[in-house]
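1. 3D model of this:
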Amino acid sequence: PILGILPNSAELGAINLGFLAESFFAKVIAGESNLHHVVKSVFVGAMSTDAAVRHPNFKLGGKLMITGGDRSDLILAACEPATAGIILTCNMVPPANIVSRAVQTNTPLLLVSQDTYQVAKQLDDLEPLLTKEDDQKVALLGESDARTGADRFEDGSVGAGDLGRDDDPDHGGERFGHDE
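-> Sure, this is the predicted structure:
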């Protein structure tokens with residue numbers, strides 16, 4: 001049975017830092033109020049700081065940096081408004097002055113036990129989930145309801161609109177989701 005149809009949308013596939021913190025069982029050590037930031041690109045900080053800041057992807061807005069907590073220079077360079085957040089790997093907490101800078105810039109720092117490669121691999125394999133807290137995604141689905149003619153029921157669930165009506169000649173009178 002068809003339970004619903006979701007539009008193909010980059011916004012629906014986007015992942016926010018709160019979801020990542022839950023998925024990786026991360027300890028948030030700074031920037032807790034910005035866990036709603038959406039990750040638009042991923043930057044693995046496995047190079048020198050000089051090479052990283054010259055890389056075009058380092059300047060992208062909404063970037064998530066994955067690096068070890070011992071990379072103070074790289075973490076400091078990434079504590080800027082264009083950074084959605086930083087995942088610190090191998091349970092390495094950076095020095096207090098670096099954490100303080102992240103607090104000042106409200107840059108989320110997520111501390112995880114996995115190494116950088118494992119985090120990058122798990123992030124690549126991660127499937128985004130739609131939750132009731134994702135107000136922007138829910139609103140986007142509401143807009144698509146209006147465009148597709150889907151029905152919204154009292155409990156908030158969404159039906160298939162005119163699909164599968166009893167008088168629909170293309171479906172021989174069968175109703176979707178019902179065995180009659």
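
2. just the strands in this protein please.
-> Counting by DSSP state E, the chain has strands at residues 15-16, 27-30, 38-39, 41-44, 63-68, 83-89, 109-111.

3. which of the ones you listed sits most buried?
-> strand 83-89 (a mean of 27; mean count of other CB atoms under 10 Å). (Glycine included, C-beta is placed from N, CA and C.)

4. Ok, which of the strands of the chain comes nearest residue 128?
-> Residue 128 sits nearest to strand 15-16 of all those, at 5.0 Å, using CB to CB.

5. Given that closest one, what are its sheet partners and their directions?
-> strand 38-39 (antiparallel) (DSSP bridges).

6. Ok, which of the strands of the chain comes nearest residue 102?
-> Nearest of the strands of the chain (CB to CB): strand 27-30, 3.8 Å.

7. and residue 23, how many residues sit next to it?
-> 16 (other CB atoms under 10 Å).

8. cool, residue 22 as well?
-> A count of nearby residues for residue 22, using other CB under 10 Å, gives 12.

9. got it, and the one 10 residues further on?
-> When neighbours are counted by other CB under 10 Å, residue 32 registers 14.

10. and it, what does it touch?
-> residue 108 (CB atoms under 8 Å, 6 or more residues apart in numbering).

11. still on that earlier bit, may I see the strands of the chain organised as a markdown table, with distance to residue 103 added?
-> Formatted as a markdown table, the strands of the chain follow (distance: least, CB to CB, whole Å):
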| stretch | distance to residue 103 |
| --- | --- |
| strand 15-16 | 20 |
| strand 27-30 | 5 |
| strand 38-39 | 20 |
| strand 41-44 | 21 |
| strand 63-68 | 17 |
| strand 83-89 | 13 |
| strand 109-111 | 9 |
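
12. out of those, nearest to residue 135?
-> Here strand 15-16 is closest among these (CB to CB), at 10.9 Å.

13. Can you tell me what sits against the closest one?
-> Outside strand 15-16, the residues that reach it (CB under 8 Å, 6+ apart) are 35-39, 126, 128, 134.

14. Go again with 6 Å.
-> By CB atoms under 6 Å, 6 or more residues apart in numbering, the residues outside strand 15-16 that reach it are 36, 38-39, 128.

15. Name the nearest of these relative to residue 112.
-> For those, the nearest to residue 112 is residue 39 (14.7 Å; CB to CB).

16. All set now, cheers.
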